[in-house]
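Engineer: got a predicted structure plus its sequence, pasted below:
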Amino acid sequence: MADQRDAPTAVAVIDADGTVSGWSEGGRLLLGWTAEDTVGRPVTDLLVDSPALGLPEGHGTGHAEIIALRHRDGSAVDTVVTTQPLAGPDGRAIGHVVTFQRWEGRPLIADRAFEQCPFALGVYDPDLRFLWINASSGRVIAHSEEQVLGRQYREVLPEFDRTLFPERDDKPYTDKLSEVARTGEPARLITVFRPRGSDYANAWATSIWPVRDSEGRIRAVANWGFDMSAEYWARQRLLMLNEASGGIGRTLDVIGTAEELARTSVPGFVDLVSVDLFDEVLRGEEPPSASAFTPGETVRLSRAARYTSKEDAGRDAGPTTPVTHAPGSVAARCMATRRSTVELAAEPGQGSEWAFGPGLAADPAHWPPGNPVIDESLAAQGLTGRITVPLQARGALLGVVAFCRLDRPEAFTADDLILAEELAAKAAVAIDNARRYSRERTTALTLQRSLLPQGLPHQEAVDVASRYLPSGTDTEVGGDWFDVIPLSGARVALVVGDVVGHGLHASASMGRLRTAVRTLADVDLPPDELLTHLDDLVLHLASDLQPGSHFQPTGESGATCLYTVYDPVSRRLTLASAGHPLPLVVHPDGTRPLVAAQPGPPLGIGGLPFEATELELPEDSLLAFYTDGLVESRERDTGQGFARLQQVLNHSATSLEALCDTVMDALLSERRTDDAALLLARTHGLDPDHVADCDVEPDPAQVPLARKFAVDQVDAWGLEEASFVTELVVSELVTNAIRYGEPPIKLRLIRDTSLICEVSDASNTAPHLRRARVFDEGGRGLLLVAQLTQGWGTRHMTNGKTIWCAQALPEGSLSGERNRVTRPSADER
């Protein structure tokens with residue numbers, strides 16, 4: 001195809017009445033007509049089509065048009081016709097000068113293509129003066145080409161005050177234009193702004209490149225841009241859903257999850273979110289069944305969360321504020337039908353066309369049936385739109401959530417409805433998980449509290465106080481426990497333990513271990529032997545659990561336990577640890593000696609020994625038993641927590657209860673992730689005058705001497721009422737030791753909360769009760785002891801055993817009263 005510049009150009013002069021008055025040689029070359037053929041004839045004779053084309057009347061000055069002209073041979077020639085006015089001496093128009101050029105297709109069609117391009121096109125000089133814009137660009141900036149040509153960009157469009165018009169920030173665009181003009185490097189960017197005259201923010205993708213001359217110098221900067229709002233907002237919805245995946249359900253708390261849903265949606269999606277839940281959901285109970293929900297009744301919920309981008313809006317509704325939804329309301333209908341509803345405000349007098357707006361009109365998505373609804377009452381509530389979505393998970397209805405727009409004029413689209421339902425679905429599952437967790441945690445906590453001691457038993461060896469705090473609300477209940485167990489000989493066992501893990505299994509495991517410790521303590525085993533038996537028991541419990549059962553064999557095997565026995569007579573503390581932290585000791589003078597003991601392995605390992613350590617404590621020493629949840633936290637390690645506990649323990653504290661509160665307040669935070677148990681004990685020594693013992697020779701003749709020793713001591717204590725029973729049990733126990741035991745034999749009497757009689761010998765053979773037959777001469781001694789005393793038992797030692805029995809003291813004996821009774825004489829005995 002020949003270059004357009006080589007084609008002949010015809011020039012004609014047209015009078016004001018449309019008659020040709022001049023004709024050039026180019027006209028003959030282009031159309032075959034000579035001057036003689038055309039001059040004096042109407043110009044319309046040259047047109048192929050109807051003269052309605054308006055040449056020359058009404059033809060725009062300086063504009064090129066494609067017009068088919070008639071060739072002399074009868075064919076049609078497509079030409080580019082340009083018309084310029086012709087003025088006389090007085091300035092009046094006397095005609096037109098018209099140029100004709102064969103149209104080869106490219107230059108004009110290219111001009112029209114760029115002019116009619118739906119993308120915004122523009123060309124600027126290096127100083128950002130407008131050189132050319134197309135119609136689409138003119139619509140974006142709300143100016144015509146004639147209004148902007150030759151003017152700088154900021155002359156036409158002053159920079160907006162971004163504090164007043166944050167949505168109209170076009171500074172990144174002008175900065176990038178200047179950068180391309182300066183560097184010559186093409187650039188691309190995406191800007192979000194609200195075009196002039198529009199109520200909707202648009203996202204624009206723009207490409208900018210330098211325009212160079214034949215010598216490579218930058219003569220202009222060109223750009224093209226298109227509205228990619230649909231793609232941009234779709235990407236923003238995906239980003240919001242991604243944010244919701246990580247931001248909703250972080251805490252196992254119903255109200256906290258509702259607040260996360262509200263905060264995630266504001267302000268990126270809407271301006272106000274309210275979440276209403278059934279009270280049963282807030283309490284961790286099962287939500288109302290579908291059969292119990294009647295659409296025609298008022299729905300009573302509680303406001304679990306309300307969040308808005310406006311500082312002064314909606315502050316009157318706090319968490320768990322009661323709310324009601326009247327029958328027939330949008331929220332009630334949504335919960336009844338389990339379907340979402342989109343409401344759009346309509347400005348009075350404008351109708352639905354205004355309400356839908358350009359965003360909704362261009363919405364390509366398919367709306368569900370019944371949506372959207374035009375509600376003129378929204379404007380009175382200060383809303384431009386609202387999406388109401390029922391919260392449902394696993395087939396259960398939990399409540400309802402409302403997503404509202406306050407000031408922004410953008411209408412909700414069907415894609416917005418999909419986003420709202422996705423956000424609500426994620427939140428509903430998280431809320432239901434939190435509800436289920438809350439219920440299980442409450443059950444586990446109730447079980448655990450029922451398994452812990454409800455009150456510490458009364459005994460004289462130590463003063464005790466305790467505290468137990470479960471972990472935070474976003475974690476499950478653990479398996480910490482403690483116990484105080486009175487033992488024979490006025491001794492007391494102080495126990496603390498921890499089952500690794502959380503939940504019902506940990507609580508149940510804790511209950512089994514605590515029961516086992518109490519059972520083994522009744523046998524009066526030394527601490528190291530008790531832990532050995534407890535370790536074997538844990539191994540058996542783990543092996544008994546069948547695979548696939550609800551309780552898996554992982555709980556007790558991760559348990560730790562510290563078992564200690566304090567003897568107020570010798571003021572000695574014997575302890576053994578199965579992987580548990582050792583107690584802290586504070587002497588009366590304030591010194592804090594470290595316990596030189598080696599903890600053994602945790603329970604459930606098996607095959608490894610436990611070692612017992614014995615400490616002699618000054619009277620009035622302070623002991624602190626604890627679980628690792630007290631000293632470990634996210635803010636500090638175990639060493640720091642241990643040092644803090646030592647610092648807080650104050651021996652001079654007059655109240656152990658107050659000291660417990662001080663320790664818990666100092667070491668625990670609201671963000672704790674584990675249970676914490678604390679047991680404080682202040683030791684006492686038994687008055688030496690309340691202990692009496694004597695050695696007994698292995699001779700039956702020593703029995704009366706032992707009886708007399710016991711009776712004299714009981715009388716000296718003012719316990720004459722107990723003399724008769726004491727004499728009988730001493731006689732039986734000493735006789736058995738002489739007959740069946742091995743020397744040395746020792747009798748000891750202890751006056752504590754009860755009157756204790758102990759007979760020790762070197763034999764490891766333990767006696768047992770049996771039922772004597774009618775003619776048996778023996779076998780009734782221990783039965784008699786069991787019937788006459790409050791309790792009896794056997795305590796094994798490294799070098800023998802001790803048989804003990806305890807009888808209740810007569811009323812008033814503890815206050816020093818001497819209640820005398822008539823006893824049989826020595827002869828009668």
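Structural biologist: Noted; the coordinates are in hand.

Engineer: where do the domain boundaries of the chain fall?
Structural biologist: 4-110, 117-227, 234-441, 454-683, 689-815 (automatic domain parsing).

Engineer: may I ask which helix or strand of the protein has the lowest mean pLDDT?
Structural biologist: helix 351-361 (a mean of 41; mean pLDDT, DSSP states H and E).

Engineer: in the lengthiest helix in the chain, which residues are buried?
Structural biologist: Secondary structure assigned by DSSP state H gives helix 414-451 as the longest helix of the chain. Buried residues in helix 414-451, counted by 16 or more other C-beta atoms under 10 Å: 414, 416-417, 419-424, 426-435, 437-438, 440-441, 444-445, 447-448, 451. No exception for glycine: its C-beta is placed from N, CA and C like everyone else's.

Engineer: same check, this time on stretch 40-52
Structural biologist: Neighbour-count burial for stretch 40-52 [16+ other C-beta under 10 Å]: Val43, Thr44, Leu46, Leu47.

Engineer: again, but for stretch 122-137
Structural biologist: Judged by neighbour count (16+ other C-beta under 10 Å), stretch 122-137 contains these buried residues: 122-126, 128-137.

Engineer: quick one: the strands in the stretch 1-150 of the chain, in order.
Structural biologist: For the stretch 1-150 of the chain, strands defined by DSSP state E, counting those that start in this stretch occupy the ranges 9-15, 20-23, 64-70, 76-87, 93-102, 120-124, 130-133.

Engineer: again with the stretch 451-600 of the chain
Structural biologist: Taking DSSP E, counting those that start in this stretch as the criterion, the stretch 451-600 of the chain contains strands spanning 462-469, 479-486, 492-499, 559-567, 572-578, 584-586.

Engineer: reformat these as JSON lines; add distance to His325, mean neighbour count and mean pLDDT.
Structural biologist: As requested, the strands of the stretch 451-600 of the chain are arranged in JSON lines below (distance: least, C-beta to C-beta, whole Å; neighbours: other C-beta atoms under 10 Å; pLDDT from 0 to 100):
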{"stretch": "strand 462-469", "distance to His325": "39", "mean neighbour count": "18", "mean pLDDT": "89"}
{"stretch": "strand 479-486", "distance to His325": "43", "mean neighbour count": "23", "mean pLDDT": "87"}
{"stretch": "strand 492-499", "distance to His325": "46", "mean neighbour count": "25", "mean pLDDT": "92"}
{"stretch": "strand 559-567", "distance to His325": "50", "mean neighbour count": "26", "mean pLDDT": "93"}
{"stretch": "strand 572-578", "distance to His325": "57", "mean neighbour count": "23", "mean pLDDT": "94"}
{"stretch": "strand 584-586", "distance to His325": "57", "mean neighbour count": "20", "mean pLDDT": "93"}
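
Engineer: let's have those strands in TSV, adding distance to Thr765.
Structural biologist: Rendered in TSV, the data for these read as follows (distance: least, C-beta to C-beta, whole Å):
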stretch	distance to Thr765
strand 462-469	33
strand 479-486	26
strand 492-499	25
strand 559-567	23
strand 572-578	24
strand 584-586	37
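
Engineer: tell me which of the ones you listed sits nearest to Ser652.
Structural biologist: Across the strands of the stretch 451-600 of the chain, Ser652 has its closest neighbour in strand 584-586 (9.8 Å, C-beta to C-beta).

Engineer: run through the bridge partners of Arg467.
Structural biologist: Judged by DSSP bridges, the bridge partners of Arg467 are Leu678.

Engineer: roughly how far does it sit from Ile431?
Structural biologist: Here Arg467 is placed at a distance of 32 Å from Ile431 (C-beta to C-beta, to the nearest Å).

Engineer: how about Leu747?
Structural biologist: If you measure Leu747 against Ile431 using C-beta to C-beta, the figure is 70 Å.

Engineer: run through the stretch 701-829 of the chain and note the low-pLDDT ranges.
Structural biologist: Counting by pLDDT under 70, the stretch 701-829 of the chain contains low-confidence ranges at 768-781, 810-829.

Engineer: which parts of it are helices?
Structural biologist: Assigned by DSSP state H, counting those that start in this stretch, the stretch 701-829 of the chain shows helices spanning 703-716, 723-740, 781-788.

Engineer: please identify the most buried of those.
Structural biologist: Highest mean neighbour count among the helices of the stretch 701-829 of the chain (mean count of other C-beta atoms under 10 Å): helix 723-740, with a mean of 21.

Engineer: what's in contact with it?
Structural biologist: Under the criterion C-beta atoms under 8 Å, 6 or more residues apart in numbering, residues 696, 698-700, 702-703, 706-707, 710-711, 714-715, 719, 745, 747, 749, 755, 757, 759-761, 763, 765, 767, 781-782, 784-785, 788-789, 803, 805, 807, 821, 823-824, 829 lie in contact with helix 723-740.

Engineer: can you rerun that using 7 Å?
Structural biologist: 696, 698-700, 703, 706-707, 710-711, 714-715, 745, 747, 755, 757, 759, 761, 763, 765, 767, 781, 784-785, 788-789, 803, 805, 807, 823 (C-beta atoms under 7 Å, 6 or more residues apart in numbering).

Engineer: and what of stretch 27-40?
Structural biologist: Contacts of stretch 27-40 from elsewhere in the structure, counted by C-beta under 7 Å, 6+ apart, are 8, 10, 12, 19-23, 69, 71-73, 77, 100, 102.

Engineer: go again with 8 Å.
Structural biologist: For stretch 27-40, contacts defined as C-beta under 8 Å, 6+ apart pick out 7-12, 19-23, 46, 69-73, 77, 79, 100-102.

Engineer: which among the residues you listed end up buried?
Structural biologist: The neighbour-count test (16+ other C-beta under 10 Å) applied to the contacts of stretch 27-40 identifies 7, 9-10, 12, 19-23, 46, 69-70, 77, 79, 100-102 as buried.
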